[in-house]
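Peer 1: A structural model of the following input is requested.
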Amino acid sequence: GEIPSVDSSQGISLFGVMNLPVQLLDLQRLMQVDVAGAMGGHATLIISSTLFAAVNFLSIMGIASGFEAEDGIAWSAPRELIAQGAACAVAGCVGSAPVSGSMSRSLVSRMTGTTSQFACLVTAMCWIYLLPYMSVMSPTPKAALSSVILSAVLKSVVMPTNLLNLKGIDSVVGWGTGIATALASPTIGFGAGLILFFITDLVVPKKKEKIT
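Peer 2: Next up is the predicted model:
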């Protein structure tokens with residue numbers, strides 16, 4: 001959809017020098033919003049939010065693990081989980097979409113030469129400060145945006161080394177998850193992967209460990 005324009009003179013004042021085009025929502029009115037009703041009930045809300053959180057954190061784990069293996073950048077699972085929780089809580093207070101991680105975005109950043117988390121801060125601040133002028137991006141062809149992402153992930157898609165290295169039942173679960181994700185969405189792919197894992201775990205006999 002079209003990116004709405006924002007008045008650059010509105011928002012939160014930053015040390016009296018410039019304004020962040022961000023507006024805090026009324027918490028009282030926010031608590032009165034029937035989120036469960038909009039999602040089709042409490043059960044659907046719980047399932048969808050749990051799946052989103054799980055898929056999002058798995059994505060972050062994949063990004064961080066890959067960067068640690070290839071670039072030697074250490075990471076901490078508790079730190080990332082706390083950061084994502086805090087970011088999503090703040091996002092809810094200002095009416096933003098949930099904060100998430102993206103392998104494709106991270107690969108694009110690395111492709112441009114970034115080497116630290118400071119790149120995320122620069123990107124976020126540019127997005128915030130340029131928000132009043134982002135309406136000029138609305139006519140950008142999706143093909144142009146897709147080509148940027150494709151250039152970063154094409155190698156891994158054509159030659160999925162991690163999937164090719166899987167053996168036996170792990171290969172079935174891995175390829176099944178990947179195919180379901182490609183044909184549907186990451187959330188459905190995650191659910192399909194869990195189902196495949198539990199089915200294979202029940203059907204395939206476990207190897208007994210030898211006691212020495």
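Peer 1: any low-confidence regions in this structure?
Peer 2: For the chain, the stretches flagged by pLDDT under 70 are 1-27, 30, 206-212.
Peer 1: looking at it, I188 is touching I179, isn't it?
Peer 2: No: contact between I188 and I179 fails when scored by Cβ atoms under 8 Å: they sit 10.9 Å apart. For the C-beta atoms, the positions are set from N, CA and C on the backbone; glycine is no exception.
Peer 1: Which one's more surrounded, these two?
Peer 2: I188 (15 against 12; other Cβ atoms under 10 Å).
Peer 1: Which strand or helix spans the more buried one?
Peer 2: helix 186-203 (DSSP states H and E).
Peer 1: buried residues in the lengthiest helix in the chain?
Peer 2: For the chain, the helix with the greatest residue count under DSSP state H is helix 42-71. By neighbour count on 16 or more other Cβ atoms under 10 Å, the buried set for helix 42-71 is 51-53, 55-57, 59-60, 63-64, 66-67.
Peer 1: Just the closest of the residues you listed to W75, please.
Peer 2: The closest of those to W75 turns out to be A64 (Cβ to Cβ; 3.8 Å).
Peer 1: what sits against the closest one?
Peer 2: For A64, the contact set (Cβ atoms under 8 Å, 6 or more residues apart in numbering) comprises 73, 75, 80.
Peer 1: Compute the inter-axis angle for the helix or strand just after the longest helix of the chain and helix 42-71.
Peer 2: Later in the chain than helix 42-71, the nearest helix or strand by DSSP H and E is helix 77-93. Computed by axes from the mean of the first three to the mean of the last three Cα atoms, to 10 degrees, the angle separating helix 77-93 from helix 42-71 equals 130 degrees.
Peer 1: Find out how far helix 77-93 is from the centre of the chain, if you would.
Peer 2: Here helix 77-93 is found 12 Å from its chain centre; the criterion is Cα atoms, centre = their mean, to the nearest Å.
Peer 1: counting contacts, what elements does it pack onto?
Peer 2: Applying 3 or more Cβ pairs under 8 Å, 6 or more residues apart in numbering; DSSP states H and E, we find helix 77-93 packed against helix 27-31, helix 42-71.
Peer 1: Check which residues of that helix are buried.
Peer 2: For helix 77-93, burial by neighbour count (16+ other Cβ under 10 Å) applies to 80, 84, 88.
Peer 1: how near is the second one to L163?
Peer 2: Read that as Q84. Distance of Q84 to L163, given as Cβ to Cβ, to the nearest Å: 26 Å.
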